[in-house]
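Trainee: what's the 3D shape of this:
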Amino acid sequence: MKDEQTYLKDRVDDQVNWLGDKAASNQKSYKRLRTISLVASVLIPFLSGFTDNYGLVVTITVGSLGAVLAICQGLLALNRYHENWTEYRMTAETLKREKLFYETKTGVYSGNGGFNLFVENAEKILAGENQKWLQTRMDAEGNGK
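Mentor: The predicted structure is shown next:
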């Protein structure tokens, strides 16, 4: 049986940190791929106007940018960086809020048995995150429907 401080440190704080790191990583990947997509999609029509003067070079460049754009969009759809970013962040914030309620003995945690109730609620939050992650993976693989 874990004591209160061990549970808070080893389980709750560890999960909040992990979720925060994953949210930041997914946010970074999402923004990077969206920026590349935006730049490529703007450059394609712009460069297409120069095909008369620079022919093959522009054609190859425009084709390459189209491929880069398709790859970026495919990775965004496959890896669901935006969805993961927001889900991880939301779960981390929900868990932090629940911990704050517990530590301040607010609401349902004001009476006796607060720690046991907190553990149940924290594990429900984490189990919900695990279910969302599994559903996301199944949807990405086409098995969720």
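Trainee: Longest helix in the protein, please.
Mentor: helix 14-48 (DSSP state H).
Trainee: which parts of that one are buried?
Mentor: Residues 15-16, 19-20, 22-23, 26-27, 29-30, 33, 36-37, 40-41, 44, 47 are the ones in helix 14-48 that count as buried (16 or more other Cβ atoms under 10 Å). All C-beta spots, glycine's among them, are computed from the backbone N, C-alpha and C.
Trainee: cool, stretch 89-97 as well?
Mentor: With the criterion 16+ other Cβ under 10 Å, stretch 89-97 contains buried residues 89, 91-92, 94-95.
Trainee: just to revisit the earlier point, and the longest helix of the chain, how far out from the chain middle?
Mentor: Here the centre of helix 14-48 is set off from its chain's centre by 11 Å, with Cα atoms, centre = their mean, to the nearest Å.
Trainee: repeat for stretch 114-126
Mentor: Relative to its chain's centre, stretch 114-126 lies at 23 Å (Cα atoms, centre = their mean).
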